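J.: A structural model of the following input is requested.
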Amino acid sequence: MGIENTHKLIVNCLPLNESEKQAFAKAARNIPQEFVGDVAHRTDMVWPVSIPDELSAQATAVIGNFPVDEAPRFPRLEWLQTFSAGVDSYLKEGVLPRGTMVTNASGAYGQSVSEHMFALMWALMKNINQYAANHTAHRWQDQGSVLSPEGGIALVIGAGDIGSHFAQLAQGVGMRTFGVRRHADVPAKGIEKMYGFERLDALLPLADVVALAVPRSPQTHHLLDATRLARLKETAIVINAGRGDAIDPDALAVALHEGRIHGAGLDVTEPEPLPETSPLWDEPRCLITPHVAGGNHLEKTSEQIIRIALGNVTRYARHQELINLVRR
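T.: Below is the predicted model of the structure:
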């Protein structure tokens, strides 16, 4: 464990029903727990977090994504469990008290994000986004040739929970699946062949779909730059639902404008929100959604987030190693 306070208090911001609250109370044993979430927000895109000052000053553990600029309100914090998989903003130097353990909800979003990625892929293959634009303009117009996934290769960069789910969906429509991850010796469900990042340049020309689900790191910043985008087929589709900065947005805009790739589906961008002046908005073969793929609309996603948090409350109360530990 990291920081150890004698008098502990868990502030739980999950939108729980009464039976779930009882389960959390039981898991916490004799540690007091304050429930400040509202089950009415269960299907909201982002679960709100509002913690009164009297609780933030005493909290040793928080389950929820409080605004980063409110971190100084939690001087006794020893553990933060987020609703999200991404925790970059909390890990910056000086944000949280030194020694604070940070755990995330990695593993909860595989289905929802991969299905969104899959929908982006199909829309771009069949020009659906362009037909939607025609619909708005009351225009009856053929948008040209389309693509099929059958027999193609999906190159999944970042073969974790999301990448593995996407690969399984791709296999279901007849695609071969190659994965790229740091540890190529670790298999993932749905991935036919796994490679290390050192093989990425050789794999890109083979790909019909490039699906990115990588975490943010110095190594993944602009992983797809102008040079690597130039290695793709003209019929290739790029999908990104991991971190926006994995793709150089200027290089992507040029590749799309010059017709050097078929299309791009982006649920994450660099920066966010994507500025109105970005040329990507004007590219007809670029389909952009505002970082909504991992929204908690699926009850299964919500249940997974709650399951992860409940398991960690059990471990916290028993002084055991927490799961999904990002920093200690």
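J.: and for the lengthiest helix in the chain, what are the contacting residues?
T.: Looking across the chain with DSSP state H, the single longest helix is helix 299-317. Residues outside helix 299-317 that contact it (C-beta atoms under 8 Å, 6 or more residues apart in numbering) are 10, 12, 14-16, 20, 23-24, 27-31, 33, 42, 61, 63, 79, 81, 83, 103, 105, 107-109, 111-112, 294-296, 320-324. (Each C-beta comes from the backbone N, C-alpha and C, glycine too.)
J.: Give me the distance between the next helix or strand after that helix and the centre of its chain.
T.: Downstream of helix 299-317, the first helix or strand assigned by DSSP states H and E is strand 325-327. The chain centroid and the centroid of strand 325-327 are separated by 16 Å, computed with C-alpha atoms, centre = their mean, to the nearest Å.
J.: Next: stretch 217-231.
T.: 19 Å.
J.: just to revisit the earlier point, which of the contacts of helix 299-317 are buried? Put it as a PyMOL command.
T.: The command below creates a PyMOL selection of those among the contacts of helix 299-317 that count as buried (16 or more other C-beta atoms under 10 Å):
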select buried, resi 10+12+14+15+16+20+23+24+27+28+31+33+42+61+63+79+81+83+103+105+107+108+109+111+112+294+295+296+322+324
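J.: Pull the contacting residues for the residue of the chain most remote from its centre.
T.: Relative to the mean C-alpha coordinate of the chain, counting by C-alpha atoms, centre = their mean, the farthest residue is residue 140 (36.6 Å). Residue 140 makes contacts with residue 134, as judged by C-beta under 8 Å, 6+ apart.
J.: what about it, distance to residue 310?
T.: Distance of residue 140 to residue 310, given as C-beta to C-beta, to the nearest Å: 53 Å.
J.: re earlier: show me which parts of the longest helix of the chain are buried, residue by residue.
T.: Buried residues in helix 299-317 (16+ other C-beta under 10 Å): 301-302, 304-306, 308-317.
J.: can you tell me the average pLDDT over it?
T.: Model confidence over helix 299-317, given as mean pLDDT, is 96.
J.: And for stretch 64-81?
T.: Rounded mean pLDDT across stretch 64-81 is 97.
J.: How about residue 11: what's its closest non-neighbour residue?
T.: residue 59 (4.5 Å; C-beta to C-beta, 6 or more residues apart in numbering).
J.: Next, the residue lying closest to residue 221 once chain neighbours are set aside: secondary structure please.
T.: Leaving aside its sequence neighbours, residue 221 sits nearest to residue 245 (C-beta to C-beta, 6+ apart; 5.3 Å). Secondary structure, DSSP: H, G, I helix; E, B strand; the rest coil: residue 245 is helix.
J.: give the contact list for residue 245.
T.: Here residue 245 is in contact with 216, 220, 221, 222, 270 (criterion: C-beta under 8 Å, 6+ apart).
J.: So the first one sits against residue 223, correct?
T.: The reference is to residue 216. No: contact criterion C-beta atoms under 8 Å: residue 216 and residue 223 do not qualify, at 10.6 Å.
J.: what touches both of those two?
T.: residue 246.
J.: Neighbour count: the two, which is higher?
T.: Neighbour count, other C-beta atoms under 10 Å: between residue 216 and residue 223, residue 223 has more, with 22 against 16.
J.: which one of the contacts of residue 245 is nearest residue 97?
T.: Among the contacts of residue 245, residue 216 lies closest to residue 97 (C-beta to C-beta), at 22.7 Å.
J.: And for stretch 214-234, what's in contact with it?
T.: Residues contacting stretch 214-234 (C-beta under 8 Å, 6+ apart): 86, 88, 157-158, 197, 200-201, 204-205, 207-208, 210, 212, 238, 242-243, 245-248, 251-252, 254-255, 259-262.
J.: Dump that stretch to PDB, restricted to CA.
T.: The C-alpha coordinates for stretch 214-234 follow below in PDB (Å, rounded to 0.1, in the frame of the first residue of the first chain):
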ATOM      1  CA  VAL A 214      -3.000   2.500 -27.400                       C
ATOM      2  CA  PRO A 215      -2.500   4.300 -24.100                       C
ATOM      3  CA  ARG A 216      -0.800   7.700 -24.100                       C
ATOM      4  CA  SER A 217       3.000   7.500 -23.700                       C
ATOM      5  CA  PRO A 218       6.000   9.200 -25.200                       C
ATOM      6  CA  GLN A 219       6.400   6.100 -27.400                       C
ATOM      7  CA  THR A 220       2.900   6.300 -28.900                       C
ATOM      8  CA  HIS A 221       2.900  10.100 -29.500                       C
ATOM      9  CA  HIS A 222       2.300  10.600 -33.300                       C
ATOM     10  CA  LEU A 223       2.800   6.800 -33.800                       C
ATOM     11  CA  LEU A 224       1.100   7.300 -37.100                       C
ATOM     12  CA  ASP A 225       2.900  10.300 -38.600                       C
ATOM     13  CA  ALA A 226       3.300  11.300 -42.200                       C
ATOM     14  CA  THR A 227       5.900   8.700 -43.000                       C
ATOM     15  CA  ARG A 228       3.800   5.800 -41.600                       C
ATOM     16  CA  LEU A 229       0.600   7.100 -43.200                       C
ATOM     17  CA  ALA A 230       2.400   7.000 -46.500                       C
ATOM     18  CA  ARG A 231       3.000   3.300 -46.100                       C
ATOM     19  CA  LEU A 232      -0.700   2.500 -46.100                       C
ATOM     20  CA  LYS A 233      -2.800   1.300 -49.100                       C
ATOM     21  CA  GLU A 234      -5.000   3.900 -50.800                       C
END
